[in-house]
Structures are given as C-alpha cells and as structure tokens.
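Visitor: Got a sequence here, can you model it:
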Amino acid sequence: MATADLTVIGLGRPDPSAGAYIAAIQRKLAEQDKVGYRMHAMGTSLEGATADILALVRELHAVPFDQGLPRVYTVLKLDERRDRPEQTLDDKVASVQRHLAEGET
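Guide: As a prediction, the model looks like this:
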C-alpha cells in the first residue's frame, strides 16, 4: 500500500474561493472505492495501491478543467514502502504519537 498527499489548485478562477472545485473533487473521490481518502485543510491524504492512486490523481487533476478553469497545478507527494505494504495513514500517525509519548527526539 502507498500513501500520498494531494493538492489540486485551479488557477484562473474569477473568485478567490476554491470551495466549489474542492467539493467537486471530494464528490469524485466518494464515487470510487479503490483509494482511501481523508480531506484536510490543505489537500487530501490518499492510501491504496500506487497504480490506483496515480490513476485517480489523473482524474482529479481534470476536475477543475471540467469546471472551465484554464489552468490546474497539482502537487502529489507519494510514499510507497515495499518493506511494509500494509502500512496505512493511521499507522504513520500512530508511530509519531508513540515517539511523542516516549519523549524521544
């Protein structure tokens, strides 16, 4: 399993608010069942097979274009651990929380 962080930025909007196209991206995510996702304030965390994540990112990148925007800037950070293919987003957070609880640096 891979984890990723995705930010899709539609450029050329007449209004500075990005809420409408972000909602459209979240609807597109809800329509599929191959990649887990969690929206956060600056983007969306993804988890699933690398191939599924990359295919989905291509679809999500197109959403602002489908809404008539002339330019889209997408940032994808992808983390794939082949030594721990079962590792999830929650596992990563829990690991840091354990270190914090133990007082490690």
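
Visitor: In this structure, where is pLDDT below threshold?
Guide: Along the chain, segments meeting pLDDT under 70 span 104-105.

Visitor: residue boundaries of the strands in it?
Guide: 2-11, 36-40, 43-48, 71-80 (DSSP state E).

Visitor: Tell me which of these sits most buried.
Guide: strand 43-48 (a mean of 20; mean count of other Cβ atoms under 10 Å). Any C-beta I mention is one placed from the backbone N, CA and C, and that applies to glycine too.

Visitor: Mind putting the strands of the chain into a markdown table with distance to residue 30?
Guide: As requested, the strands of the chain are exported to a markdown table (distance: least, Cβ to Cβ, whole Å):
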| stretch | distance to residue 30 |
| --- | --- |
| strand 2-11 | 15 |
| strand 36-40 | 8 |
| strand 43-48 | 11 |
| strand 71-80 | 19 |
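
Visitor: Which one, of these, ends up nearest to residue 87?
Guide: strand 2-11 (7.4 Å; Cβ to Cβ).

Visitor: between the closest one and strand 71-80, what angle do the directions make?
Guide: 170 degrees (axes from the mean of the first three to the mean of the last three Cα atoms, to 10 degrees).

Visitor: Now do strand 2-11 and strand 36-40, the angle between them.
Guide: Going by the same axes, to 10 degrees, strand 2-11 makes 50 degrees with strand 36-40.
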